[in-house]
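> for reference, the sequence and a predicted model appear below.
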Amino acid sequence: MEKIGIVANTQSPMAGEAVSQLVGWLRERKYAPLLDQETADVAGLEGGMEKSAVAQEADMVVVLGGDGTLIGLSRLLEGRKAPVLGVNLGSLGFLTEFTLEDMFPALEKTLNGDFTYEDRIMLAAEISFDGKKGVSYTALNDVLIHRGSTSQLVTVRVEVDGQLLNHYTSDGLIISTPTGSTAYNLSANGPIVYPSLNAIIITPICPQTLSIRPIVIPDNVTIRLSLTPRAKGNAAQATLDGQVVFGLDTRSRITIRRSEDITRIIQSPYTNYYNLLRGKLRWGE
């Protein structure tokens with residue numbers, strides 16, 4: 001590894017100093033740090049570039065921030081298997097496993113080839129509008145169909161491999177990866193699924209029928225979603241990873257599959273997934 005990408009949550013008060021120290025540490029060891037423009041600016045450094053260029057050129061990427069920062073980067077990697085080391089700057093941090101105190105010892109080990117990683121599956125979502133080809137995006141956590149700013153429930157028809165699963169009348173529907181199972185899915189009473197499992201979770205948000213429950217299905221299926229009009233003008237939104245939003249209506253069609261892309265996340269030797277669950281979710285407290 002020679003080129004080390006650095007992407008930070010520039011809203012964090014700790015970002016500037018952490019980035020500056022990291023750049024100095026890397027240069028002392030003859031590595032080439034690549035910073036996106038916002039990250040360079042927050043540290044008072046020159047030579048910033050487009051974040052997408054960092055994702056495409058770096059041999060590995062250090063993310064300084066929270067899970068949202070890492071999730072945003074995952075889409076820009078576009079399937080490149082450059083490992084990502086997530087350093088938590090104070091948020092919940094299921095994906096950013098390392099602390100600032102761990103960062104330099106972990107980097108030393110990683111750059112010497114002494115590290116383990118986990119490949120996280122992603123979703124590929126295709127959204128068409130009025131029968132016309134629309135947009136395609138990937139998501140590391142989830143694809144959410146929801147009512148947006150309206151107070152009216154939405155009804156979503158869900159087919160799995162061409163077979164009707166259900167018509168969900170609810171505030172919305174979450175299609176989640178195992179990685180995303182501890183995000184919005186968990187808040188909606190969906191199950192926690194171990195992140196390396198090959199599965200997709202479908203979880204309704206506040207369903208009208210109380211007997212409707214989440215379901216875990218294989219990740220080799222094709223899921224098709226459409227809005228069923230309950231009332232004239234029924235509309236909704238699609239949100240990917242809480243960051244990319246599209247308006248929907250009854251002519252919209254959403255197709256979701258497992259993406260060919262993955263996100264390769266470096267695992268902390270100082271903890272494990274079960275420790276993370278206990279600590280982050282405060283089990284037993």
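Ah, there it is.
> helices of the stretch 101-250 of the chain, start to end?
184-187 (DSSP state H, counting those that start in this stretch).
> tell me where it has strands.
117-129, 132-139, 142-146, 154-160, 163-170, 172-176, 199-205, 215-218, 223-228, 236-240, 244-248 (DSSP state E, counting those that start in this stretch).
> mind showing which ranges of the protein have poor pLDDT?
Residue ranges of the chain with pLDDT under 70: 230-234.
> ok, 50 please
231-232 (pLDDT under 50).
> domain ranges for it?
3-116+267-281, 122-260 (automatic domain parsing).
> what would the ones you listed look like in TSV with mean neighbour count?
For glycine as for every other residue, the C-beta is placed from the backbone atoms N, C-alpha and C. Below are those laid out as TSV (neighbours: other C-beta atoms under 10 Å):
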stretch	mean neighbour count
domain 3-116+267-281	18
domain 122-260	18
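> just checking, what packs against the one helix or strand residue 259 maps to?
Assigned by DSSP states H and E, residue 259 belongs to strand 253-266. Packing partners of strand 253-266 (3 or more C-beta pairs under 8 Å, 6 or more residues apart in numbering; DSSP states H and E): helix 67-77, strand 84-88, strand 117-129, strand 142-146, strand 223-228.
> in contact with residue 209: list those residues for me.
residue 169 (C-beta atoms under 8 Å, 6 or more residues apart in numbering).
> so how far is residue 163 from residue 115?
42 Å (C-beta to C-beta, to the nearest Å).
> and residue 200, by the same measure?
15 Å.
> and if you look at residue 270?
Applying C-beta to C-beta to residue 270 and residue 163 gives a distance of 45 Å.
> could you do residue 194 as well?
26 Å.
> same deal with residue 207?
Counting by C-beta to C-beta - residue 207 and residue 163 are separated by 20 Å.
> how about residue 282, phi and psi?
Main-chain dihedrals, residue 282, degrees, to the nearest 10: phi 60, psi 40.
> dig out what residue 142 forms beta bridges with.
residue 176 (DSSP bridges).
> so it sits against residue 177, correct?
Yes. Applying C-beta atoms under 8 Å as the test, residue 142 and residue 177 come out as touching, 6.8 Å apart.
> what is in contact with these two at once?
By C-beta under 8 Å, 6+ apart, the residues touching both residue 142 and residue 177 are residue 123.
> what's near enough to touch the closest residue to residue 161 other than its chain neighbours?
Take residue 161 and drop its neighbours on the chain: the residue closest to it by C-beta to C-beta, 6 or more residues apart in numbering is residue 221, 5.0 Å away. Each residue near residue 221 by C-beta under 8 Å, 6+ apart is listed here: 160-161, 200, 257.
> gap between residue 221 and residue 123?
12 Å.
> what sits in contact with each of the two?
The contact lists of residue 221 and residue 123 share 200, 257, where a contact means C-beta under 8 Å, 6+ apart.
> got the contact list for residue 261?
77-79, 122, 124, 138.
> which one of those sits closest to residue 189?
residue 122 (23.7 Å; C-beta to C-beta).
> which residues are in contact with that closest one?
74, 138-140, 177, 258-259, 261-263.
> nearest to residue 94 among those residues?
residue 140 (11.3 Å).
> my read: the closest one touches residue 124, true?
No. With contact defined as C-beta under 8 Å, residue 140 does not reach residue 124; the gap is 11.4 Å.
> now the common contact residues for these two.
In terms of C-beta under 8 Å, 6+ apart, residue 140 and residue 124 are not both contacted by any residue.
> hang on, the earlier thing: tell me the one of the contacts of residue 221 nearest residue 48?
residue 257 (35.1 Å).
> tell me the contacts of residue 92?
66-67, 280.
> and it, that's in a helix?
No. Assigned with DSSP: H, G, I helix; E, B strand; the rest coil, residue 92 falls outside any helix and is coil.
> a markdown table for the contacts of residue 92, including distance to residue 151?
Below are the contacts of residue 92 laid out as a markdown table (distance: C-beta to C-beta, whole Å):
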| residue | distance to residue 151 |
| --- | --- |
| 66 | 31 |
| 67 | 30 |
| 280 | 33 |
